[in-house]
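Visitor: below are the sequence and a predicted model for it; my questions follow.
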Amino acid sequence: MLNLIWAGMLLVSVVCAAALGRMEELSQSVFSGAQRAVELVFAMAGAMAVWTGFLRAAEKAGATAKLAAFLRPAVRRLFPDCREGGEADRAVCMNLTANLLGLGNAATPMGLAAMRAMDEENGGRGLTRSMVRFVVVNTASLQLLPTTLGALRSAAGAASPLDILPAVWLTSAVSLAAALAACFALEKRHG
Amino acid sequence: MDKAASYLVPLLLAALVVYCLIRRVPVFDAFSEGAREGLRSCVSLLPVLVGLVTGVSMLQASGALELAAGALEPLARCLGLPKEVLPLALMKPVSGGASTALLSQTLDRCGPDSFAGRAASVLAGSTETALYCIAVYFGAIRRKGKNCALPAALLGHLAACLCASWAVRLLMGF
(Lines give C-alpha, C1' and ligand atoms only; values in the text may rest on other atoms or scores of the structure.)
Protein backbone atom coordinates (compact mmCIF):
# COMPACT_ATOMS: atom_id res chain seq x y z
CA MET A 1 0.00 0.00 0.00
CA LEU A 2 2.65 2.47 1.05
CA ASN A 3 4.73 1.43 -1.95
CA LEU A 4 1.98 2.62 -4.26
CA ILE A 5 1.35 5.82 -2.32
CA TRP A 6 5.02 6.75 -2.31
CA ALA A 7 5.51 5.98 -5.99
CA GLY A 8 2.39 8.03 -6.69
CA MET A 9 3.72 10.98 -4.67
CA LEU A 10 6.96 11.07 -6.68
CA LEU A 11 5.36 10.59 -10.09
CA VAL A 12 2.61 13.15 -9.48
CA SER A 13 5.13 15.74 -8.37
CA VAL A 14 7.35 15.21 -11.42
CA VAL A 15 4.39 15.47 -13.81
CA CYS A 16 2.98 18.45 -11.96
CA ALA A 17 6.32 20.27 -11.86
CA ALA A 18 6.78 19.69 -15.59
CA ALA A 19 3.32 21.10 -16.31
CA LEU A 20 3.78 24.13 -14.07
CA GLY A 21 7.42 24.72 -15.01
CA ARG A 22 8.70 24.21 -11.48
CA MET A 23 11.46 21.68 -12.18
CA GLU A 24 14.11 23.86 -10.55
CA GLU A 25 12.22 23.94 -7.23
CA LEU A 26 11.43 20.23 -7.49
CA SER A 27 15.02 19.14 -7.90
CA GLN A 28 16.05 21.30 -4.96
CA SER A 29 13.26 19.87 -2.82
CA VAL A 30 14.60 16.31 -3.16
CA PHE A 31 17.69 17.12 -1.13
CA SER A 32 16.21 19.74 1.15
CA GLY A 33 13.36 17.35 1.99
CA ALA A 34 15.72 14.53 2.89
CA GLN A 35 17.76 16.88 5.04
CA ARG A 36 14.63 18.19 6.74
CA ALA A 37 13.61 14.64 7.65
CA VAL A 38 16.87 14.09 9.51
CA GLU A 39 16.61 17.48 11.22
CA LEU A 40 13.05 16.66 12.20
CA VAL A 41 13.98 13.35 13.81
CA PHE A 42 16.77 15.00 15.76
CA ALA A 43 14.50 17.83 16.85
CA MET A 44 11.94 15.28 18.06
CA ALA A 45 14.38 12.85 19.62
CA GLY A 46 14.86 14.68 22.92
CA ALA A 47 11.17 15.08 23.66
CA MET A 48 10.42 11.49 22.63
CA ALA A 49 13.19 10.10 24.82
CA VAL A 50 12.00 12.06 27.84
CA TRP A 51 8.46 10.71 27.43
CA THR A 52 9.40 7.11 26.89
CA GLY A 53 11.73 7.47 29.88
CA PHE A 54 8.96 8.67 32.17
CA LEU A 55 6.57 6.06 30.84
CA ARG A 56 9.08 3.32 31.59
CA ALA A 57 9.40 4.60 35.16
CA ALA A 58 5.61 4.58 35.48
CA GLU A 59 5.48 1.05 34.14
CA LYS A 60 8.12 -0.14 36.60
CA ALA A 61 6.20 1.42 39.48
CA GLY A 62 3.15 -0.64 38.50
CA ALA A 63 1.04 2.11 36.97
CA THR A 64 0.32 0.00 33.89
CA ALA A 65 -1.04 -2.91 35.90
CA LYS A 66 -3.15 -0.52 38.00
CA LEU A 67 -4.61 1.12 34.94
CA ALA A 68 -5.36 -2.28 33.42
CA ALA A 69 -7.26 -3.29 36.58
CA PHE A 70 -9.13 0.01 36.49
CA LEU A 71 -10.23 -0.71 32.91
CA ARG A 72 -11.48 -4.23 33.64
CA PRO A 73 -15.16 -3.38 34.36
CA ALA A 74 -15.43 -1.43 31.10
CA VAL A 75 -13.76 -4.31 29.26
CA ARG A 76 -16.30 -6.81 30.68
CA ARG A 77 -19.14 -4.71 29.31
CA LEU A 78 -17.68 -3.95 25.93
CA PHE A 79 -16.29 -7.40 25.17
CA PRO A 80 -18.72 -9.86 26.77
CA ASP A 81 -17.33 -12.87 24.88
CA CYS A 82 -14.04 -12.78 26.80
CA ARG A 83 -13.91 -15.36 29.58
CA GLU A 84 -13.30 -13.66 32.92
CA GLY A 85 -9.66 -13.90 33.97
CA GLY A 86 -8.77 -15.64 30.72
CA GLU A 87 -5.88 -14.98 28.39
CA ALA A 88 -8.00 -12.84 26.04
CA ASP A 89 -9.31 -10.74 28.91
CA ARG A 90 -5.78 -9.98 30.09
CA ALA A 91 -4.42 -9.20 26.62
CA VAL A 92 -7.34 -6.86 25.85
CA CYS A 93 -6.73 -4.92 29.08
CA MET A 94 -3.00 -4.66 28.40
CA ASN A 95 -3.60 -3.51 24.82
CA LEU A 96 -6.00 -0.77 25.93
CA THR A 97 -3.59 0.36 28.65
CA ALA A 98 -0.70 0.52 26.20
CA ASN A 99 -2.89 2.54 23.84
CA LEU A 100 -3.92 4.98 26.57
CA LEU A 101 -0.31 5.53 27.60
CA GLY A 102 0.86 5.83 24.01
CA LEU A 103 3.15 2.79 24.12
CA GLY A 104 2.59 2.15 20.43
CA ASN A 105 5.31 -0.48 20.21
CA ALA A 106 3.67 -2.57 22.92
CA ALA A 107 0.06 -1.99 21.90
CA THR A 108 0.08 -3.75 18.52
CA PRO A 109 1.66 -7.07 19.60
CA MET A 110 -0.69 -7.14 22.63
CA GLY A 111 -3.65 -6.41 20.38
CA LEU A 112 -2.76 -9.22 17.99
CA ALA A 113 -2.29 -11.57 20.94
CA ALA A 114 -5.74 -10.53 22.16
CA MET A 115 -7.29 -11.28 18.76
CA ARG A 116 -5.72 -14.73 18.66
CA ALA A 117 -6.78 -15.47 22.24
CA MET A 118 -10.37 -14.38 21.54
CA ASP A 119 -10.38 -16.55 18.43
CA GLU A 120 -9.17 -19.51 20.45
CA GLU A 121 -11.77 -19.01 23.21
CA ASN A 122 -14.39 -19.01 20.50
CA GLY A 123 -13.06 -22.30 19.13
CA GLY A 124 -12.05 -20.73 15.80
CA ARG A 125 -15.68 -20.48 14.71
CA GLY A 126 -15.36 -17.07 13.09
CA LEU A 127 -15.66 -13.48 14.19
CA THR A 128 -17.45 -12.61 17.41
CA ARG A 129 -18.97 -9.25 18.27
CA SER A 130 -16.20 -8.71 20.79
CA MET A 131 -13.51 -9.16 18.17
CA VAL A 132 -15.09 -6.65 15.82
CA ARG A 133 -15.63 -4.17 18.64
CA PHE A 134 -12.05 -4.62 19.76
CA VAL A 135 -10.75 -3.79 16.28
CA VAL A 136 -13.05 -0.75 16.11
CA VAL A 137 -11.75 0.53 19.46
CA ASN A 138 -8.21 0.11 18.16
CA THR A 139 -8.96 2.15 15.04
CA ALA A 140 -9.77 5.12 17.27
CA SER A 141 -7.11 7.09 19.09
CA LEU A 142 -7.14 6.41 22.84
CA GLN A 143 -3.79 8.01 23.57
CA LEU A 144 -3.97 10.42 26.53
CA LEU A 145 -0.58 12.03 25.92
CA PRO A 146 0.19 12.08 22.19
CA THR A 147 3.98 12.02 22.49
CA THR A 148 4.93 12.20 18.81
CA LEU A 149 2.52 15.08 18.31
CA GLY A 150 3.98 17.00 21.26
CA ALA A 151 7.51 16.39 20.00
CA LEU A 152 6.57 17.54 16.47
CA ARG A 153 4.92 20.70 17.77
CA SER A 154 7.83 21.51 20.01
CA ALA A 155 10.25 20.93 17.10
CA ALA A 156 8.17 23.39 15.04
CA GLY A 157 8.57 26.02 17.78
CA ALA A 158 5.10 25.99 19.36
CA ALA A 159 4.78 28.37 22.31
CA SER A 160 3.18 25.63 24.41
CA PRO A 161 3.30 22.32 22.50
CA LEU A 162 0.66 20.53 24.57
CA ASP A 163 -1.91 23.35 24.76
CA ILE A 164 -3.99 21.41 22.23
CA LEU A 165 -4.57 18.52 24.66
CA PRO A 166 -8.13 19.38 25.77
CA ALA A 167 -9.19 19.73 22.14
CA VAL A 168 -7.48 16.42 21.31
CA TRP A 169 -9.30 14.64 24.16
CA LEU A 170 -12.66 16.07 23.16
CA THR A 171 -12.17 15.11 19.51
CA SER A 172 -10.91 11.62 20.37
CA ALA A 173 -13.90 11.01 22.64
CA VAL A 174 -16.36 12.15 19.97
CA SER A 175 -14.64 9.98 17.38
CA LEU A 176 -14.59 6.87 19.58
CA ALA A 177 -18.23 7.37 20.56
CA ALA A 178 -19.26 7.73 16.92
CA ALA A 179 -17.34 4.61 15.87
CA LEU A 180 -18.78 2.50 18.69
CA ALA A 181 -22.31 3.77 18.14
CA ALA A 182 -22.04 2.87 14.45
CA CYS A 183 -20.69 -0.54 15.41
CA PHE A 184 -23.60 -1.24 17.80
CA ALA A 185 -26.18 -0.05 15.30
CA LEU A 186 -24.75 -2.22 12.52
CA GLU A 187 -24.46 -5.24 14.83
CA LYS A 188 -28.20 -5.06 15.45
CA ARG A 189 -28.92 -4.95 11.76
CA HIS A 190 -26.70 -7.88 10.91
CA GLY A 191 -28.13 -9.82 13.86
CA MET B 1 -7.23 27.25 30.04
CA ASP B 2 -3.64 28.03 29.12
CA LYS B 3 -2.61 28.28 32.74
CA ALA B 4 -4.35 25.08 33.80
CA ALA B 5 -2.77 23.22 30.88
CA SER B 6 0.68 24.46 31.85
CA TYR B 7 0.27 22.85 35.28
CA LEU B 8 -0.72 19.50 33.85
CA VAL B 9 2.61 18.07 32.73
CA PRO B 10 4.79 19.22 35.67
CA LEU B 11 2.22 17.96 38.21
CA LEU B 12 1.92 14.65 36.43
CA LEU B 13 5.69 14.23 36.51
CA ALA B 14 5.93 15.18 40.18
CA ALA B 15 3.20 12.66 41.03
CA LEU B 16 5.03 10.00 39.06
CA VAL B 17 8.35 10.65 40.80
CA VAL B 18 6.72 10.53 44.24
CA TYR B 19 4.91 7.31 43.31
CA CYS B 20 8.17 5.75 42.11
CA LEU B 21 9.97 6.74 45.32
CA ILE B 22 7.19 5.23 47.46
CA ARG B 23 7.27 1.99 45.46
CA ARG B 24 11.10 2.01 45.71
CA VAL B 25 11.59 1.96 41.97
CA PRO B 26 15.09 3.10 40.88
CA VAL B 27 13.52 6.03 39.11
CA PHE B 28 16.48 7.33 37.15
CA ASP B 29 17.59 3.87 36.00
CA ALA B 30 14.08 3.17 34.76
CA PHE B 31 13.96 6.56 33.07
CA SER B 32 17.22 6.12 31.20
CA GLU B 33 16.24 2.63 30.12
CA GLY B 34 13.01 3.99 28.64
CA ALA B 35 14.79 6.95 27.08
CA ARG B 36 17.21 4.59 25.35
CA GLU B 37 14.29 2.71 23.88
CA GLY B 38 12.64 5.97 22.76
CA LEU B 39 15.78 7.09 20.99
CA ARG B 40 16.12 3.74 19.32
CA SER B 41 12.58 3.90 17.97
CA CYS B 42 13.25 7.47 16.79
CA VAL B 43 16.27 6.31 14.84
CA SER B 44 14.41 3.36 13.38
CA LEU B 45 11.80 5.86 12.18
CA LEU B 46 14.44 7.74 10.20
CA PRO B 47 14.58 5.78 6.92
CA VAL B 48 10.78 5.87 6.57
CA LEU B 49 10.62 9.56 7.35
CA VAL B 50 13.44 10.44 4.95
CA GLY B 51 11.42 8.84 2.17
CA LEU B 52 8.08 10.32 3.13
CA VAL B 53 9.22 13.83 4.07
CA THR B 54 11.09 13.98 0.77
CA GLY B 55 7.94 12.83 -1.03
CA VAL B 56 5.79 15.46 0.67
CA SER B 57 8.29 18.24 0.07
CA MET B 58 8.47 17.24 -3.61
CA LEU B 59 4.67 17.37 -3.80
CA GLN B 60 4.77 20.83 -2.31
CA ALA B 61 7.61 22.15 -4.48
CA SER B 62 5.92 20.88 -7.65
CA GLY B 63 2.71 22.72 -6.77
CA ALA B 64 0.72 19.47 -6.65
CA LEU B 65 -0.15 19.84 -2.97
CA GLU B 66 -1.53 23.32 -3.58
CA LEU B 67 -3.54 22.13 -6.57
CA ALA B 68 -4.97 19.22 -4.59
CA ALA B 69 -5.84 21.44 -1.63
CA GLY B 70 -7.52 23.89 -3.99
CA ALA B 71 -9.48 21.18 -5.78
CA LEU B 72 -10.60 19.66 -2.50
CA GLU B 73 -11.54 22.97 -0.93
CA PRO B 74 -15.31 22.34 -1.19
CA LEU B 75 -14.85 19.10 0.74
CA ALA B 76 -12.71 20.90 3.31
CA ARG B 77 -15.43 23.52 3.67
CA CYS B 78 -18.04 20.80 4.29
CA LEU B 79 -15.89 19.38 7.09
CA GLY B 80 -15.12 22.83 8.47
CA LEU B 81 -11.39 22.16 8.14
CA PRO B 82 -8.83 24.63 6.79
CA LYS B 83 -7.88 23.49 3.29
CA GLU B 84 -4.24 22.94 4.29
CA VAL B 85 -5.37 20.19 6.67
CA LEU B 86 -7.34 18.10 4.18
CA PRO B 87 -4.41 16.08 2.74
CA LEU B 88 -3.62 15.02 6.32
CA ALA B 89 -7.25 14.06 6.95
CA LEU B 90 -7.24 11.83 3.88
CA MET B 91 -3.83 10.29 4.52
CA LYS B 92 -4.13 9.51 8.24
CA PRO B 93 -6.28 6.35 8.04
CA VAL B 94 -3.77 4.82 5.64
CA SER B 95 -0.26 5.73 6.75
CA GLY B 96 1.12 7.05 10.01
CA GLY B 97 4.50 7.98 8.53
CA ALA B 98 3.04 9.96 5.63
CA SER B 99 0.72 11.80 8.03
CA THR B 100 3.66 12.70 10.25
CA ALA B 101 5.40 14.15 7.18
CA LEU B 102 2.25 16.09 6.16
CA LEU B 103 1.65 17.37 9.70
CA SER B 104 5.21 18.59 10.07
CA GLN B 105 4.96 20.32 6.69
CA THR B 106 1.71 22.06 7.74
CA LEU B 107 3.23 23.11 11.06
CA ASP B 108 6.23 24.59 9.26
CA ARG B 109 4.20 26.44 6.63
CA CYS B 110 1.29 27.73 8.68
CA GLY B 111 2.97 27.87 12.09
CA PRO B 112 2.21 25.51 15.01
CA ASP B 113 0.06 28.12 16.79
CA SER B 114 -2.00 29.18 13.77
CA PHE B 115 -5.56 27.94 13.37
CA ALA B 116 -4.57 25.53 10.58
CA GLY B 117 -1.57 24.31 12.59
CA ARG B 118 -3.71 23.64 15.62
CA ALA B 119 -6.53 22.00 13.70
CA ALA B 120 -3.98 19.74 11.99
CA SER B 121 -2.41 18.87 15.35
CA VAL B 122 -5.77 18.04 16.94
CA LEU B 123 -6.78 15.91 13.98
CA ALA B 124 -3.47 14.04 13.99
CA GLY B 125 -3.67 13.50 17.75
CA SER B 126 -7.25 12.22 17.80
CA THR B 127 -7.19 9.75 14.90
CA GLU B 128 -5.42 6.49 14.20
CA THR B 129 -4.23 4.67 11.10
CA ALA B 130 -7.62 2.95 10.94
CA LEU B 131 -7.37 1.09 7.63
CA TYR B 132 -3.89 -0.18 8.40
CA CYS B 133 -5.11 -1.31 11.82
CA ILE B 134 -8.09 -3.22 10.40
CA ALA B 135 -5.84 -4.98 7.90
CA VAL B 136 -3.31 -6.02 10.54
CA TYR B 137 -5.80 -7.11 13.22
CA PHE B 138 -8.06 -9.17 11.00
CA GLY B 139 -4.98 -10.45 9.18
CA ALA B 140 -3.74 -11.95 12.43
CA ILE B 141 -6.59 -14.46 12.69
CA ARG B 142 -7.72 -14.91 9.06
CA ARG B 143 -11.40 -15.44 9.83
CA LYS B 144 -13.85 -14.51 7.15
CA GLY B 145 -17.21 -13.07 7.96
CA LYS B 146 -19.33 -10.00 7.43
CA ASN B 147 -18.44 -7.37 9.93
CA CYS B 148 -18.98 -3.70 10.53
CA ALA B 149 -15.45 -2.67 11.52
CA LEU B 150 -14.68 -0.73 8.34
CA PRO B 151 -17.80 1.48 8.19
CA ALA B 152 -17.64 2.07 11.95
CA ALA B 153 -13.96 3.06 11.79
CA LEU B 154 -14.53 5.39 8.83
CA LEU B 155 -17.47 7.01 10.60
CA GLY B 156 -15.26 7.56 13.65
CA HIS B 157 -12.64 9.18 11.44
CA LEU B 158 -15.24 11.40 9.81
CA ALA B 159 -16.50 12.44 13.25
CA ALA B 160 -12.95 13.42 14.24
CA CYS B 161 -12.58 15.48 11.04
CA LEU B 162 -15.85 17.29 11.78
CA CYS B 163 -14.99 17.84 15.42
CA ALA B 164 -11.32 18.89 15.16
CA SER B 165 -11.63 22.49 14.00
CA TRP B 166 -14.80 22.99 16.03
CA ALA B 167 -12.94 21.88 19.18
CA VAL B 168 -10.06 24.26 18.41
CA ARG B 169 -12.53 27.14 18.01
CA LEU B 170 -14.43 26.21 21.15
CA LEU B 171 -11.50 25.53 23.47
CA MET B 172 -8.76 27.76 22.12
CA GLY B 173 -10.67 30.90 21.23
CA PHE B 174 -10.19 31.19 17.47
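Guide: That came through fine.

Visitor: can you map out the strands along chain B?
Guide: Along chain B, counting by DSSP state E, no stretch forms strands.

Visitor: so which residue is dead centre in it?
Guide: For chain B, the residue whose C-alpha lies nearest the mean C-alpha position (C-alpha atoms, centre = their mean) is B:Ala124; its distance is 2.5 Å.

Visitor: pLDDT below threshold where in chain B?
Guide: In the predicted model of chain B, residues B:1-5 satisfy pLDDT under 70.

Visitor: would you map the helices across it?
Guide: Assignment of helices within chain B using DSSP state H yields the ranges B:2-22, B:27-61, B:64-71, B:73-79, B:86-91, B:96-110, B:115-126, B:130-141, B:149-172.

Visitor: as a quick check, tell me the outermost residue of chain A.
Guide: Distance from the C-alpha centroid of chain A, by C-alpha atoms, centre = their mean, peaks at A:Gly21 (39.5 Å).

Visitor: tell me the backbone dihedrals of it, please.
Guide: Backbone dihedrals for A:Gly21, given as degrees, to the nearest 10, come out at phi 60, psi 40.

Visitor: quick one on the thing from earlier: wait, what's in contact with the residue nearest to the centre of chain B?
Guide: A:146, A:149, B:88, B:92, B:99-100, B:103 (C-beta atoms under 8 Å, 6 or more residues apart in numbering or on different chains). (Glycine included, C-beta is placed from N, CA and C.)

Visitor: so which of the residues you listed comes closest to A:Cys82?
Guide: Of all the contacts of B:Ala124, A:Cys82 sits closest to A:Pro146, with 28.0 Å by C-beta to C-beta.

Visitor: give the contact list for the residue nearest to the closest one when sequence neighbours are not counted.
Guide: For A:Pro146, the nearest residue in space outside its immediate sequence neighbours is B:Gly125; the separation is 4.1 Å by C-beta to C-beta, 6 or more residues apart in numbering or on different chains. Contacts here follow C-beta under 8 Å, 6+ apart; on that basis B:Gly125 touches A:141, A:143, A:146, A:149, A:164, A:168, A:171-172.

Visitor: tell me the one of those nearest A:Ala74?
Guide: Distance from A:Ala74 was checked for each of those by C-beta to C-beta. The minimum falls on A:Ser172, at 15.7 Å.
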